[in-house]
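**Q** The sequence isn't on hand, but the structure is:
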């Protein structure tokens with residue numbers, strides 16, 4: 001997809017930013033052309049296999065029905081077939097080794113992960129969990145742990161069983177939910193979205209974690225669709241951008257504690273995953289990086305320029321090596 005950068009208004013107030021953005025415009029154009037060509041080729045190769053996975057009901061060009069809690073929302077998916085690596089899905093389905101989050105690995109990788117867990121990380125995780133439990137006992141609740149101490153726990157990883165509680169507190173989920181009471185989430189699912197946003201969401205659903213079998217299950221795909229749809233409806237200035245699906249899926253895995261296919265009768269876990277995604281992207285309690293996903297990606301390009309400058313000063317050897325290898329920041333940041 002070509003990235004259009006709106007520079008006129010920005011240039012009047014921030015000429016230095018425009019100079020920074022100009023450094024990346026040519027790179028973006030080249031990447032866009034490459035991505036478009038690769039996507040067309042993958043579509044041609046994968047079309048028949050994708051249809052065998054029932055990604056879309058009916059024939060090519062028929063509407064895909066988006067089923068929200070209250071009504072069905074039609075998304076015209078004509079000409080938009082999901083571009084997934086079907087071979088990855090097939091290969092994942094043949095593997096028996098799973099980690100606690102449901103990702104599958106071949107025997108060699110599973111053995112390496114087990115060795116790492118047994119010989120290095122298990123004892124370290126136990127010590128960290130014991131320290132966190134001691135802090136909870138001392139302060140009474142997560143909210144009572146001093147911010148700097150909580151940050152230190154976060155840098156080393158919160159215990160799995162407390163992660164949802166910590167995220168709710170740090171992202172101030174209850175505060176924002178209290179301003180949108182009732183069936184607010186269901187209302188978002190009933191809202192119409194621009195057709196192009198609905199199409200891109202639909203395309204990305206089956207691309208999400210192809211090595212995770214649960215994310216090819218209809219119930220999980222539907223939950224992910226709902227979360228992304230609600231986010232785009234709640235934040236029309238941001239909408240949806242490719243890559244959000246992986247963040248939303250990660251939120252789901254945390255909230256469902258890895259069991260993303262389990263029953264959620266009242267939709268509470270699905271809705272909490274939505275609020276995590278919303279606060280994580282748009283709130284200053286999270287990354288507050290919604291500008292990364294808005295048209296033009298000006299915030300992303302500006303941060304990339306700043307990173308390029310800082311890495312050149314603070315890690316000059318690594319910066320020079322990447323340049324000599326022809327590796328652009330845009331390809332990995």
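**A** Thanks, I have it. Small disclaimer: the values here were computed from a predicted structure and weren't measured.

**Q** what bits of the stretch 151-300 of the chain have low per-residue confidence?
**A** Per-residue confidence of the stretch 151-300 of the chain (counting by pLDDT under 70) places the weak regions at 286-289, 291, 294.

**Q** rerun that using 80 as the cut-off
**A** The stretch 151-300 of the chain contains residues with pLDDT under 80 at 283-300.

**Q** For the closest residue to residue 235 other than its chain neighbours, grab the count of nearby residues.
**A** If the residues on either side of it in the chain are set aside, residue 235 comes closest to residue 282, at 5.9 Å by CB to CB, 6 or more residues apart in numbering. C-beta here means a position set from N, CA and C on the backbone, and glycine is covered the same way. For residue 282, the number of neighbouring residues by other CB atoms under 10 Å comes to 21.

**Q** Kindly report the same for residue 267.
**A** Residue 267 has 15 neighbours, counted by other CB under 10 Å.

**Q** Against residue 277, how distant is it?
**A** Using CB to CB, to the nearest Å, one obtains 15 Å as the distance from residue 267 to residue 277.

**Q** Repeat that for residue 155.
**A** For residue 155, the distance to residue 277 (CB to CB) stands at 22 Å.

**Q** neighbour-wise, which of these two wins?
**A** Counted by other CB under 10 Å, residue 155 and residue 277 do not tie: residue 277 has more neighbours, with 25 against 8.

**Q** Which residues outside the helix or strand harbouring that one are in contact with it?
**A** Per DSSP states H and E: residue 277 is located in helix 268-282. Judged by CB atoms under 8 Å, 6 or more residues apart in numbering, the contacts made with helix 268-282 from elsewhere in the structure are 164, 167-168, 171-173, 176-177, 185, 223, 226-227, 230-231, 234-235, 238, 244, 247-248, 251-252, 254-256, 264, 285-290, 293.

**Q** Now, of those, which are buried?
**A** 164, 167-168, 171, 173, 177, 185, 223, 226-227, 230-231, 234-235, 238, 244, 247-248, 251-252, 254-256, 264, 285-286, 290, 293 (16 or more other CB atoms under 10 Å).

**Q** Next up, the contacts around the residue nearest to residue 191 when sequence neighbours are not counted.
**A** Taking CB to CB, 6+ apart, and ignoring the residues beside it in sequence, residue 191 has residue 233 as its nearest neighbour in space, at 4.1 Å. Contact partners of residue 233, counting by CB under 8 Å, 6+ apart, are 188-189, 191, 193.

**Q** If we use 7 Å, what do you get?
**A** Applying CB atoms under 7 Å, 6 or more residues apart in numbering to residue 233 gives the contacts 188, 191, 193.

**Q** Pretty sure the last one sits in a helix.
**A** If I follow you right, that is residue 193. No. Inclusion of residue 193 in a helix is not indicated when DSSP: H, G, I helix; E, B strand; the rest coil is applied; the result is coil.

**Q** could you measure it against residue 233, distance?
**A** Look at residue 193 and residue 233: by CB to CB, they are 6 Å apart.

**Q** just the first one next, same as before
**A** In this structure, residue 188 and residue 233 are separated by 4 Å, where distance is defined by CB to CB.

**Q** Then residue 295?
**A** Computed with CB to CB, the distance linking residue 295 and residue 233 is 17 Å.

**Q** same question, residue 329
**A** Applying CB to CB, the value for residue 329 to residue 233 is 32 Å.

**Q** Equivalent analysis for residue 327, please.
**A** Taking CB to CB as the measure, residue 327 falls 38 Å from residue 233.

**Q** ditto for residue 178
**A** As for residue 178, its distance to residue 233 is 20 Å (criterion: CB to CB).

**Q** cool, and residue 97?
**A** Counting by CB to CB, the separation of residue 97 from residue 233 is 39 Å.

**Q** and if you look at residue 199?
**A** Relative to residue 233, and taking CB to CB, residue 199 is found at 15 Å.

**Q** now do residue 137
**A** Residue 137 sits 42 Å away from residue 233 when distances are taken as CB to CB.

**Q** Equivalent analysis for residue 264, please.
**A** When CB to CB is applied, the distance between residue 264 and residue 233 equals 20 Å.

**Q** again with residue 164
**A** With distances defined as CB to CB, the gap from residue 164 to residue 233 amounts to 24 Å.

**Q** Give me the buried positions along stretch 318-333.
**A** Residues of stretch 318-333 classed as buried by neighbour count (16+ other CB under 10 Å): 319, 322, 328-329.

**Q** Which member of those is positioned nearest residue 306?
**A** Ranked by distance to residue 306 (CB to CB), these are led by residue 329 at 10.4 Å.

**Q** who's in contact with the closest one?
**A** Residue 329 makes contacts with 304, 307-308, as judged by CB under 7 Å, 6+ apart.

**Q** Is there a quick ChimeraX command that grabs whichever of those are buried?
**A** Buried subset of those, written as a ChimeraX selection, criterion 16+ other CB under 10 Å:
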select :304,308
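
**Q** now, which of the contacts of residue 329 lie within helices?
**A** The subset of these located in helices under the criterion DSSP state H comprises 304, 307-308.
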